[in-house]
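Asks: Provided below for reference: sequence and predicted model.
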Amino acid sequence: MISMKDEFSLEAEFYDKIWGRYDYDADVKFLEGLFRDYGCESVVDIGCGTGNHAIRLSRSGFKVTGLDISSAMLKIAKEKDQEAKIEFIQGDMRKIENLIPKGQKFDAAICLGTTFSHLITNRDVQAFLIGLHKMLRKNGLFIFNARNARKIDEERLNKLILDHMIIREKLQLLLLFYNTRHTGNRNVIVWRPIYLIKKSGKVDLQIREHKLRWFQFSRLKRMSIENGFEVAATYSRPTKEEFKEDKHTEMWFVTIIK
């Protein structure tokens, strides 16, 4: 089993600076529509990171719980949650049933960004889905996204690529990344973000390494069904554009607990 506990302390510091341009509002608008269609009021955000989805949903009137393995990410999320309405829980998503108070159930769950891709093995996926199923009410929603293995970008493998350059008053950050295919599994990418940080006149080099799994659509759909999640729809993005395996890099699953 993989260990994810201490991987994200550096990423937490720069996460919102790097991903601040991402359209979280579009995601939340999409989610809100589905939640209201299915009568969902309580939501657990799995892999909530610094709280960008969770806080927006909370401000829209949903009762939100945020779960993340990184204490550094959660510290920032709590600071951003000025209304202090969100319950944040630290822990491994594969052990979710041990993290949520006994008897508590949610109307909906979301797992967005690259969170699901950190489930490298089928055993990881199954452990998570089994635990999550116990945390959701009957006919509850589970919405998650994952990367399509048929569309792994070969052009971005084995190349050093400039991803972001961020300059602030007292911070200069150059972020590059280098991706390789994991030798043990062709659908697993080893993502290596390389941080060059200039702070207080000194330059610090930090390299991280994360394994991320890209999924075969048919296998992920089958695993969802086998673990009690009926697949209601699959989209290519949070706009209800139908997912096509030979065309789209990203797949959004909308599933219902049975």
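Replies: Everything's here; your move. The shown structure was predicted, so the numbers you read here are calculated from the model rather than taken from an experiment.

Asks: which non-adjacent residue is nearest residue 136?
Replies: Residue nearest to residue 136 in three dimensions, not counting chain neighbours: residue 257, with 4.7 Å by C-beta to C-beta, 6 or more residues apart in numbering. Placement of C-beta: from N, CA and C, glycine included.

Asks: wait, doesn't residue 220 sit right on residue 252?
Replies: No - with contacts counted by C-beta atoms under 8 Å, residue 220 stays clear of residue 252, the gap being 11.6 Å.

Asks: is the residue nearest to residue 136 in a bridge, and if so with what?
Replies: residue 229 (DSSP bridges).

Asks: list the residues that contact it.
Replies: If you count contacts by C-beta atoms under 8 Å, 6 or more residues apart in numbering, residue 257 has them with 133, 136-142, 228-230.

Asks: which parts of the chain are helices?
Replies: Listed in chain order, the helices of the chain (DSSP state H) span 9-19, 24-37, 52-59, 71-80, 96-99, 122-135, 217-226.

Asks: dump the ones you listed to JSON lines, plus distance to residue 45.
Replies: Below are those laid out as JSON lines (distance: least, C-beta to C-beta, whole Å):
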{"stretch": "helix 9-19", "distance to residue 45": "15"}
{"stretch": "helix 24-37", "distance to residue 45": "10"}
{"stretch": "helix 52-59", "distance to residue 45": "4"}
{"stretch": "helix 71-80", "distance to residue 45": "10"}
{"stretch": "helix 96-99", "distance to residue 45": "12"}
{"stretch": "helix 122-135", "distance to residue 45": "12"}
{"stretch": "helix 217-226", "distance to residue 45": "19"}
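
Asks: format the ones you listed as JSON lines; extra columns: mean neighbour count, distance to residue 86 and mean pLDDT.
Replies: Formatted as JSON lines, those follow (neighbours: other C-beta atoms under 10 Å; distance: least, C-beta to C-beta, whole Å; pLDDT from 0 to 100):
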{"stretch": "helix 9-19", "mean neighbour count": "16", "distance to residue 86": "16", "mean pLDDT": "83"}
{"stretch": "helix 24-37", "mean neighbour count": "16", "distance to residue 86": "14", "mean pLDDT": "96"}
{"stretch": "helix 52-59", "mean neighbour count": "22", "distance to residue 86": "5", "mean pLDDT": "98"}
{"stretch": "helix 71-80", "mean neighbour count": "17", "distance to residue 86": "8", "mean pLDDT": "96"}
{"stretch": "helix 96-99", "mean neighbour count": "16", "distance to residue 86": "15", "mean pLDDT": "95"}
{"stretch": "helix 122-135", "mean neighbour count": "18", "distance to residue 86": "17", "mean pLDDT": "98"}
{"stretch": "helix 217-226", "mean neighbour count": "15", "distance to residue 86": "27", "mean pLDDT": "98"}
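
Asks: what's the closest of the ones you listed to residue 203?
Replies: Across the helices of the chain, residue 203 has its closest neighbour in helix 9-19 (15.0 Å, C-beta to C-beta).
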